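Asker: need the 3D shape of this:
(2 chains)
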There are 2 protein chains.
Amino acid sequence: MALIVQKYGGTSVGTPERIKAVAERVIRWKSKGNDVVVVVSAMSGETNRLIGLINAISPSGSAREKDVIVSTGEQVTIGLLSLALQEQGCDAKSYTGGQVKVLTDNSHSKARIESIDDSAIRDDLAAGKVIVVAGFQGVDEQGNITTLGRGGSDTTAVALAVALKADECQIYTDVDGVYTTDPRVVPNASHIPKLSLEEMLEMASQGSKVLQIRAVEFAHKYDMPIRVLSSFDKDENCKSTLVTREEDIMEKVIVRGVAFNRDEAQLTITGVPDEPGVAHKILGPISDANIEVDMIVQNVGSDNTTDFTFTVHRNEYDKAKEILCETGNKLGARECSGDNKMAKVSIVGVGMRSHAGVAATMFGALAKEGINIRMISTSEIKVAVVIDEKYLELAVRTLHDEFDLDKS
Amino acid sequence: MALIVQKYGGTSVGTPERIKAVAERVIRWKSKGNDVVVVVSAMSGETNRLIGLINAISPSGSAREKDVIVSTGEQVTIGLLSLALQEQGCDAKSYTGGQVKVLTDNSHSKARIESIDDSAIRDDLAAGKVIVVAGFQGVDEQGNITTLGRGGSDTTAVALAVALKADECQIYTDVDGVYTTDPRVVPNASHIPKLSLEEMLEMASQGSKVLQIRAVEFAHKYDMPIRVLSSFDKDENCKSTLVTREEDIMEKVIVRGVAFNRDEAQLTITGVPDEPGVAHKILGPISDANIEVDMIVQNVGSDNTTDFTFTVHRNEYDKAKEILCETGNKLGARECSGDNKMAKVSIVGVGMRSHAGVAATMFGALAKEGINIRMISTSEIKVAVVIDEKYLELAVRTLHDEFDLDKS
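Answerer: Residues are numbered from 1 along each chain as shown, chains lettered A, B, ... in the order given. So this is what the prediction gives:
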């Protein structure tokens, strides 16, 4: 007998019929002797409906009140799923984030979970109940309702799984797991049955949309295995991806997958007098403007100057460039330039740790196709390059072939 | 400076525009130096939408889970109204029933308020905030979400006003107060500027739909004045009805108004052997079937038998008659009969206490029009009669004229 936490997203609970189908699935797991805790999102469309009401009144209003409103979406789903479970003869009980309680800090709309009180849930599990918990929400010390930000239900599920010491955290979504790359770009992309949490973290942050990166970080920190499954598969023995500790994965391939991100923009400032603190002087104003910086590369230039390049989301390009050029003037830089039609392609795999030459193979494959590399950034288990966006598909296919990922 | 509790119903907060208009009104009261606590219902249509979702899954499901779902309606409104107030420069803060906290018993869907913790609200009022509270909801001792039943927002408002020792509880609705009778039946019905809580109780229970009877009972118990106003009037100096302690009303008219109720059915059982406990034997089975009995009249018959008549809602007539006739057989009654096309007409007024002959005047006026009275029931401040439904409008107009209510 295992304790399983399952999370169903908005599409999986989008209609009363789908909620009934989720109830059937939960009951199948329960009837095999498992204890089951279910975390749900708002019905698809509901959060947007609520945001529409908010925007009709006060788009830039208080985050506290917005959380009060938006958190009702999940509250409706927990009630409906509990009713559906009861209707099918299964003893079920719903919990809001506050009822659990999921204690968070008071950063409304992007709160972080500080602790989870698992005592009430444990009692109800011991009494044979299925527990249905509202994802995405919590309360702060003062009892104010908080939300974790979009996709926060994944984080709720992982955090609950950690608190309850669950055997597995299952994330049901509309795909049956993680692939070596996006099948829309490479049709023969192959399904990955198992990968490490570190790899998933690199894949997710590089643009794979299957799991929320904060949830994976949480799972990584606490060694909680996550299984990604499709809520549209009828049979629970079908394909899934288990994201787990590196030690639990037998086959350590060199490259697990190719991740990519289209909407990149690159900004460069050259000939900046090199002195301690120059990086902070350049990036401080960008960060003060709430612009998120992704890759950063600094090179030593000539004559005691330095060249500095970084990437931002394409939507932030104009604002970032204006700020950067202003900073450049102040610092006496030679030139400030940029390009907003860039893309990022990464290869990810824990096997890289013990295999030299992976980066070289990657650069060689891209060079053979005439793809110019504009930036490079590496971690222990990842090599990322920034290229012209027009080469994105070609680069992804080339790397997928080069590392034989269709056979994985 | 006064402390005012205001309650706005579903129609008053039915759209973002109406919510903004409510915010303007609240700010006008606040800017005159009053402390203001606002209680709101769900946006009109929202509760029905949620019940539709429930019925698509489990119409007869657990009341606890239904309360979890239905209570989200008010939660959305408190957030939206707080945003609208803030947007117009007014410091506002929302409270769910649980956050207040409004402690109730655990009778889900028809919970009764046991206590209200006013400490947090008092602190926020002292800090100059307008407080927006979700009506209709509370929590039980275990933290389960409860609801007070339809129209429960009025009760929340009165209970909060009592807890906070407010100067007045204002109920905003789509009419500008209480009238001597329904203006759709008597076009020259006149507006009542002031009436006593006892009179309102009799008017409400006799069919006037302006205020929830439980709220009036609550106000009566704790001597809390209620003012009924229209949320569609622009100016707060316009018409309203103050429902207050009898002592505070100068002018004690004999008849304050004519109330009526269309959907009555009358059931009679005659020739029942008269013995102690016979009333309970007759009405027990009716009440066990959850049928609400309104008027009850018992007469002594001939030969140590008794005749027993009562009224129920028309929808319950068939069921009630079946049960009654069965009981009649067991008790050896002579006859069991009924009529489901009845109506009830009442005259209400605290002045009746000191004026004899009011009932006689009423019966005389009805007799002059050839209206046969089928049942009579009286209280200190009310005389109610049951008549054939076809005479209803005629009876109401006749009594309205007879007691000169168009001049009140």
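Asker: where does pLDDT dip in chain A?
Answerer: Applying pLDDT under 70 to chain A flags the ranges A:150, A:205-209, A:235-237, A:250, A:252, A:408.
Asker: got the domain boundaries for it?
Answerer: Recorded structural domains for chain A (assignment: automatic domain parsing) are A:3-249, A:258-407.
Asker: off-centre distance for the last one?
Answerer: When you say that, I think you mean domain A:258-407. 21 Å (Cα atoms, centre = their mean, to the nearest Å).
Asker: now the end-to-end length of it.
Answerer: 14 Å (Cα to Cα, to the nearest Å).
Asker: which of the three states applies to A:N188?
Answerer: Three-state call for A:N188 (DSSP: H, G, I helix; E, B strand; the rest coil): coil.
Asker: what sits closest to it if chain neighbours are left out?
Answerer: Counting by Cβ to Cβ, 6 or more residues apart in numbering or on different chains, A:N188 lies nearest to A:D406, which is 4.3 Å off, once chain neighbours are set aside. Any C-beta I mention is one placed from the backbone N, CA and C, and that applies to glycine too.
Asker: isn't the one you found up against A:H191?
Answerer: No. With contact defined as Cβ atoms under 8 Å, A:D406 does not reach A:H191; the gap is 11.0 Å.
Asker: quick check: residues of the stretch 101-250 of chain A near chain B?
Answerer: Residues of the stretch 101-250 of chain A lying close to chain B (Cβ under 8 Å from any Cβ of the partner chain) are A:143-145.
Asker: which of the domains of chain A sits most buried?
Answerer: Among these, judged by mean count of other Cβ atoms under 10 Å in any protein chain shown, the one packed with the most neighbours on average is domain A:3-249 (a mean of 21).
Asker: centre of the chain to it, how far?
Answerer: Taking mean C-alpha positions (Cα atoms, centre = their mean), domain A:3-249 and its chain are 13 Å apart.
Asker: so the residue nearest to A:N188 versus chain B, what's the distance?
Answerer: 44 Å (Cβ to the nearest Cβ, to the nearest Å).
Asker: how about the secondary structure of that residue?
Answerer: A:D406 ends up helix, using three-state DSSP.
Asker: residues in contact with it?
Answerer: A:180, A:186, A:188-190, A:400 (Cβ atoms under 8 Å, 6 or more residues apart in numbering or on different chains).
Asker: before we move on, back to that, now the domains of chain A as a markdown table including distance to B:K221?
Answerer: Converted to a markdown table, the domains of chain A look like this (distance: least, Cβ to Cβ, whole Å):
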| stretch | distance to B:K221 |
| --- | --- |
| domain A:3-249 | 30 |
| domain A:258-407 | 55 |
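Asker: so which of those comes closest to B:C169?
Answerer: Of all these, domain A:3-249 sits nearest to B:C169, with 23.8 Å by Cβ to Cβ.
Asker: who does A:Y95 bridge with?
Answerer: A:V133 (DSSP bridges).
Asker: now do the same end-to-end measure for stretch A:137-147.
Answerer: Start-to-end, stretch A:137-147 (Cα to Cα) is 4 Å.
Asker: hmm, who's touching it?
Answerer: A:64, A:67-68, A:70-71, A:74-75, A:96-98, A:100-111, A:113, A:136, A:148, A:152, A:156, B:96, B:99.
Asker: take those residues and keep only those in strands.
Answerer: Among these, the ones falling in strands (DSSP state E) are A:102-104, A:113.
Asker: and A:L195, which of the three is it?
Answerer: Going by three-state DSSP: A:L195 is strand.
Asker: isn't it up against A:E246?
Answerer: No. Using Cβ under 8 Å as the test, A:L195 is too far from A:E246 to be in contact (9.3 Å).
Asker: how close does the closest residue to chain B within the stretch 201-350 of chain A get to A:S41?
Answerer: As assessed by Cβ to the nearest Cβ, chain B sits closest to A:S231 within the stretch 201-350 of chain A, at 17.1 Å. A:S231 sits 11 Å away from A:S41, going by Cβ to Cβ, to the nearest Å.
Asker: common neighbours of the two, please.
Answerer: A:8-9.
Asker: which stretch among the domains of chain A approaches B:D318 most closely?
Answerer: domain A:3-249 (29.6 Å).
Asker: span of the closest one from start to end?
Answerer: End residues of domain A:3-249 are separated by 22 Å (Cα to Cα).
Asker: please name the nearest non-neighbouring residue to A:Y172.
Answerer: Closest to A:Y172 by Cβ to Cβ, 6+ apart is A:S231, at 3.9 Å.
Asker: wait, that neighbour touches A:E24, no?
Answerer: No. Counting by Cβ under 8 Å, A:S231 does not reach A:E24; the two are 11.0 Å apart.
Asker: follow-up on the earlier one: would you list the contacts of A:D406 in CSV and tack on distance to B:N34?
Answerer: Output for the contacts of A:D406, formatted as CSV (distance: Cβ to Cβ, whole Å):
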residue, distance to B:N34
A:T180, 66
A:V186, 67
A:N188, 71
A:A189, 66
A:S190, 69
A:H400, 69
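Asker: name the nearest residue to A:S62, ignoring sequence neighbours.
Answerer: B:Q86 (5.6 Å).
Asker: could you do A:S107 as well?
Answerer: A:S107's closest residue in space is A:T146 (Cβ to Cβ, 6+ apart), at 7.3 Å.
Asker: that neighbour should be in a helix, yeah?
Answerer: No. Counting by three-state DSSP, A:T146 is not found in a helix; it is strand.
Asker: what residues are bridge-paired with it?
Answerer: With DSSP bridges as the rule, A:T146 is bridged to A:G138.
Asker: which parts of the stretch 201-350 of chain A are helices?
Answerer: A:213-221, A:278-288, A:317-331 (DSSP state H, counting those that start in this stretch).
Asker: among the ones you listed, which comes closest to B:G271?
Answerer: Comparing these by Cβ to Cβ, helix A:213-221 comes nearest, at 76.0 Å.
Asker: output the contacting helices and strands for the closest one.
Answerer: Contacts defined by 3 or more Cβ pairs under 8 Å, 6 or more residues apart in numbering or on different chains; DSSP states H and E place helix A:213-221 against helix A:152-163, helix A:197-205, strand A:226-230.
Asker: so which strand or helix has A:C169?
Answerer: strand A:168-173 (DSSP states H and E).
Asker: who does that strand touch, helix- and strand-wise?
Answerer: Counting by 3+ Cβ pairs under 8 Å, 6+ apart, strand A:168-173 packs on strand A:3-8, helix A:152-163, strand A:226-230.
Asker: ok, the shortest one: who's next to it in the sheet?
Answerer: The partner list of strand A:226-230 in its sheet, established with DSSP bridges, is strand A:168-173 (parallel), strand A:241-244 (antiparallel).
Asker: would you turn these into TSV with distance to A:I373?
Answerer: Below are these laid out as TSV (distance: least, Cβ to Cβ, whole Å):
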stretch	distance to A:I373
strand A:168-173	33
strand A:241-244	29
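Asker: just to revisit the earlier point, columns distance to A:V36 on top of the helices and strands packed on helix A:213-221, output as a markdown table?
Answerer: Putting these into a markdown table (distance: least, Cβ to Cβ, whole Å) gives the following:
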| stretch | distance to A:V36 |
| --- | --- |
| helix A:152-163 | 12 |
| helix A:197-205 | 23 |
| strand A:226-230 | 14 |
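Asker: so which of the ones you listed is nearest A:M295?
Answerer: helix A:197-205 (11.0 Å).
Asker: now for the closest one, which elements pack on it?
Answerer: helix A:213-221, strand A:241-244, strand A:257-273, strand A:335-348.
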